[in-house]
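[1] The following comprises the amino acid sequence and a computationally predicted model.
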Amino acid sequence: MNRYDRDADDYYVNVHLNTEMELPNGRDTVLHFFEQMKMGFPELRNFETRENGDLILESDKNEDSYRSGAIGARRLASSHANPESLQDAYRQHELLLDLAPPLLSISLLDCEALDVMFGFDFTYDG
């Protein structure tokens with residue numbers, strides 16, 4: 001249990017790596033990248049393509065804690081909602097960032113920004 005469970009209805013830790021150039025979207029490249037993510041976090045099972053072209057691998061959103069990873073045109077994203085611990089969320093983000101350079105051909109020259117966001121949702125009834 002995390003200390004944020006007492007204060008927020010949901011909380012999440014997101015990482016976005018924004019790039020200068022478009023990320024690869026070839027079938028073999030994307031599937032291999034997400035297969036490596038799935039090896040680290042087997043609960044990542046649901047793969048889909050969104051209308052905007054983003055490729056998403058996520059766990060079951062009906063669970064209390066869920067994860068996702070996404071490849072957009074110029075953005076690589078990782079999200080963990082309601083993690084057991086912050087270290088658990090960090091492990092996922094670290095794996096994504098470790099896999100990106102060799103598997104998606106991202107170089108330091110290509111990195112525009114790395115954003116880390118802590119979000120909190122509070123449900124209001126009234």
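    Here it is on my side, so go on.

[2] does L104 really touch L76, like I thought?
    Yes - contact between L104 and L76 holds when scored by C-beta atoms under 8 Å: they sit 7.1 Å apart. Where you see a C-beta, it was placed from the backbone N, CA and C, and this is true even at glycine.

[3] ok, these two, which is more surrounded?
    When L104 and L76 are compared for neighbours, L76 comes out ahead with 23 against 20, by other C-beta atoms under 10 Å.

[4] Wasn't that one part of a strand?
    Yes - counting by DSSP: H, G, I helix; E, B strand; the rest coil, L76 is found in a strand.

[5] Okay, and the residue lying closest to it once chain neighbours are set aside sits in which element?
    Leaving aside its sequence neighbours, L76 sits nearest to L17 (C-beta to C-beta, 6 or more residues apart in numbering; 4.3 Å). Secondary structure assignment for L17, by DSSP states H and E: strand 10-19.

[6] One more: H93?
    Following DSSP H and E, one finds H93 within helix 86-104.

[7] buried ones in that helix?
    Using 16 or more other C-beta atoms under 10 Å as the test for burial, helix 86-104 gives 89, 92-93, 95-96, 99-100, 103-104.

[8] Of those, which is the nearest to C111?
    Nearest to C111 among the buried residues of helix 86-104, counting by C-beta to C-beta, is A100 at 9.5 Å.

[9] Now do the contacts for I56.
    By C-beta atoms under 8 Å, 6 or more residues apart in numbering, the contact set of I56 is 46-50, 68-70.

[10] possible to save those residues as JSON lines with neighbour count?
    Below are the contacts of I56 laid out as JSON lines (neighbours: other C-beta atoms under 10 Å):
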{"residue": "N46", "neighbour count": "13"}
{"residue": "F47", "neighbour count": "14"}
{"residue": "E48", "neighbour count": "10"}
{"residue": "T49", "neighbour count": "11"}
{"residue": "R50", "neighbour count": "10"}
{"residue": "S68", "neighbour count": "20"}
{"residue": "G69", "neighbour count": "26"}
{"residue": "A70", "neighbour count": "19"}
